[in-house]
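Novice: how would this look folded up:
(chains A and B)
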Amino acid sequence: DSGVTQTPKHLITATGQRVTLRCSPRSGDLSVYWYQQSLDQGLQFLIQYYNGEERAKGNILERFSAQQFPDLHSELNLSSLELGDSALYFCASSVKGTGDPQYFGPGTRLLVL
Amino acid sequence: GNSVTQMEGPVTLSEEAFLTINCTYTATGYPSLFWYVQYPGEGLQLLLKATKADDKGSNKGFEATYRKETTSFHLEKGSVQVSDSAVYFCALIEGGSYIPTFGRGTSLIVHP
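Specialist: Next up is the predicted model:
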């Protein structure tokens, strides 16, 4: 158990819909990362937050957005969903977010029908 | 930009065989290097890390040495077990950068 929790574990929705994925980091970790894992693209870094502020952006679509709240939990919002958005979405946390190891949650499996 | 290249899988071995999974990287600075492991149905777990040249990371019988001259961080284990079957990811984060770079992962299958 990494100490990172993600909800929900599974999500099935339809094209065009909007969903919110939630992540609670390990106690004491200030940085949260979001990743998308699919068979064809591998593990793609989406975005990182540190202590409530956006710190780095990766391959995140404009239809996707995220935020980190004062209690340090984070949410990833996916809108106008397409079939190709079906994937595993992982959250990870680390203490500083600058080269220190990341601790991954169990992931949310999203299926868009 | 930074990149991490891992050997294509799957790697299929018999129990007690020697394991090597190759990882090479490109980076403009001096990155920290990591190996993560993902067991079926789970998230990634940190396996080992090295933060500077010639450092050796080790954990659970796995080892990897940070080789700056060859820009490599190959993962090795002397005797694999069936329970080592998983996907292994090599990754880097450059000092002062916040963007992690992962390889595509190498699947390891160990037969009894």
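
Novice: can you pull out the strands in chain B?
Specialist: Secondary structure of chain B, counting by DSSP state E: strands at B:3-6, B:11-14, B:19-21, B:23-26, B:31-38, B:44-50, B:56-59, B:62-65, B:75-77, B:86-94, B:101-102, B:106-111.

Novice: so the last one, near chain A or not?
Specialist: Meaning strand B:106-111. No - residues of strand B:106-111 are not located near chain A by CB under 8 Å from any CB of the partner chain, the shortest gap being 11.1 Å. C-beta here means a position set from N, CA and C on the backbone, and glycine is covered the same way.

Novice: tell me the helices and strands packed up against that strand.
Specialist: Applying 3 or more CB pairs under 8 Å, 6 or more residues apart in numbering or on different chains; DSSP states H and E, one finds that strand B:106-111 contacts strand B:11-14, strand B:19-21, strand B:86-94.

Novice: most tightly surrounded among these?
Specialist: Comparing the helices and strands packed on strand B:106-111 by mean neighbour count (mean count of other CB atoms under 10 Å in any protein chain shown), strand B:86-94 ranks first with a mean of 24.

Novice: give the partner strands of that strand in its sheet and their orientations.
Specialist: Strand partners for strand B:86-94, identified by DSSP bridges, are recorded as strand B:31-38 (antiparallel), strand B:101-102 (antiparallel), strand B:106-111 (antiparallel).

Novice: would you single out the least confident of the ones you listed?
Specialist: Ranked by mean pLDDT, the strands paired with strand B:86-94 end with strand B:101-102 at the bottom, a mean of 90.

Novice: who's in contact with that strand?
Specialist: A:42-43, A:45, B:1-4, B:25, B:36, B:89-93 (CB atoms under 8 Å, 6 or more residues apart in numbering or on different chains).

Novice: likewise for stretch A:46-61?
Specialist: Residues contacting stretch A:46-61 (CB under 8 Å, 6+ apart): A:30-36, A:44-45, A:64, A:66-70, A:72, A:74, A:76, A:96-97, B:97-99.

Novice: so A:Glu75 belongs to a strand, correct?
Specialist: Yes - assigned with DSSP: H, G, I helix; E, B strand; the rest coil, A:Glu75 falls within a strand.

Novice: got the residues of chain A near chain B?
Specialist: Taking CB under 8 Å from any CB, the part of chain A that reaches chain B is made up of A:2, A:4, A:33, A:42-43, A:45, A:48, A:50, A:55-56, A:58, A:90, A:92, A:97-107.

Novice: are any of the residues you listed buried, and which?
Specialist: Among the residues of chain A next to chain B, those buried by neighbour count (16 or more other CB atoms under 10 Å in any protein chain shown) are A:2, A:4, A:33, A:43, A:45, A:48, A:50, A:55-56, A:58, A:90, A:92, A:97-107.

Novice: hmm, back to that, quick one: least confident of the contacts of strand B:101-102?
Specialist: Among those, B:Gly1 has the lowest pLDDT, at 80.

Novice: which residues of chain B lie near chain A?
Specialist: So far as CB under 8 Å from any CB goes, chain B lies against chain A at B:31-32, B:34, B:36, B:42-46, B:49, B:51, B:89, B:93-105.

Novice: all helices of chain A, in order?
Specialist: Using DSSP state H, no helices are assigned anywhere in chain A.
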